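>>> let's see this in three dimensions:
(one chain, ligands or ions: 2)
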Amino acid sequence: MRQNIIEIKDISHIYSTTGRGLKNISFSVESGEFIIVAGKNGSGKSTLFRHLNGLLSPTSGKILIHGKDVSSNIRYARQVVGMIFQDADCQIVGQTVFEDAAFGPENLGLSFEEVNKRTTKALAELGLIHLKDQNPATLSGGEKRRLAIAGVLTMRPDVVVLDEPFANLDYAGTSELLSAILWLNKAGHTIILSTHDIEKCIFWASRMLIIHEGRLVADDKPQYLLKDVEKFGIREPCASKLGMNIMAWR
Ligand SMILES: Nc1ncnc2c1ncn2[C@@H]1O[C@H](COP(=O)(O)OP(=O)(O)OP(=O)(O)O)[C@@H](O)[C@H]1O
Ligand SMILES: [Mg+2]
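Residues are numbered from 1 along each chain as shown. Ligands and ions are numbered 1, 2, ... in the order given. Predicted coordinates for the structure are as follows:
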């Protein structure tokens, strides 16, 4: 039987300055799932994701990771849940690609050999090893996003959370990133990915959650939700509009 890695129990988070945020959200995530979190701009996707590794705490309700409350086990939550932020530039911390990806395991206090091994492996897996001495600031948008994933992978997370990973990427950049994400999922990582443009990845997802005005309004297999998405400001994929089967992007 599959295990629940994440359990979200009736969480709310209201930002005091705007009165917006999340309202009464509950769902669980099983090991190995590939979940899309869809919702229009401002619906609450990033706010939800920031709760998954303790960057934000719920105003009420609880989040459990492997049964442990995130609020009192933040370090643990950050090891289990690796986060790729909406703005990959913010995640750059090193002078070279290698240094950047090595930052996490170095901070864990691992041996030089172990840091080297993990970093080399992650950069190779994301197709970035040939860029290891380059300054991260000079990478393309797609390369930066793959570097952010490599940095997260060195921490060996069970869950990889990606906030709008396809924003500003062209067709080739999107395909490469999607291949990397699918490979991660096959390798056993649970994937949670937010997007307002579901067409690119819906074919591959096992489940879709829709967030609307801070509430979870749908949670089902993607194919059952396609005809409902436009009510929530999400574009229905073209193939679905034409009554055709969804085609894979890649
Ligand atoms: N730090 C903050 N303080 C006050 N209000 C905030 C804050 N961050 C977000 N909000 C508000 O909370 C709501 C949800 O924002 P959030 O960034 O989670 O949306 P999102 O679904 O990630 O949007 P996008 O698709 O544009 O990235 C928005 O109405 C936003 O204005
Ligand atoms: Mg966002």
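>>> around ligand 1, which positions in this protein sit nearby?
Within the chain, the residues that sit near ligand 1 (Cβ under 6 Å from any ligand atom) are 15, 17-18, 20-21, 39, 41-47, 86, 196. Glycine gets a C-beta too; all of them are placed from N, C-alpha and C.
>>> where does the protein dip in pLDDT?
1-2, 88 (pLDDT under 70).
>>> helices of that one, start to end?
45-52, 74-80, 97-107, 112-125, 141-153, 171-186, 222-225, 238-241 (DSSP state H).
>>> so which of these is the most surrounded?
Highest mean neighbour count of the helices of the chain: helix 141-153, a mean of 24 (counted as mean count of other Cβ atoms under 10 Å).
>>> CA atoms only: put it into PDB for me.
The C-alpha trace of helix 141-153 is given here as PDB (Å, rounded to 0.1, in the frame of the first residue of the first chain):
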ATOM      1  CA  GLY A 141      16.300  30.700 -18.000                       C
ATOM      2  CA  GLY A 142      15.900  27.000 -18.700                       C
ATOM      3  CA  GLU A 143      19.400  26.200 -17.400                       C
ATOM      4  CA  LYS A 144      18.700  28.200 -14.300                       C
ATOM      5  CA  ARG A 145      15.600  26.300 -13.600                       C
ATOM      6  CA  ARG A 146      17.400  23.000 -14.100                       C
ATOM      7  CA  LEU A 147      20.200  24.200 -11.800                       C
ATOM      8  CA  ALA A 148      17.600  25.000  -9.100                       C
ATOM      9  CA  ILE A 149      16.400  21.400  -9.400                       C
ATOM     10  CA  ALA A 150      20.000  20.000  -9.200                       C
ATOM     11  CA  GLY A 151      20.600  22.000  -6.000                       C
ATOM     12  CA  VAL A 152      17.400  20.500  -4.500                       C
ATOM     13  CA  LEU A 153      18.300  17.000  -5.700                       C
END
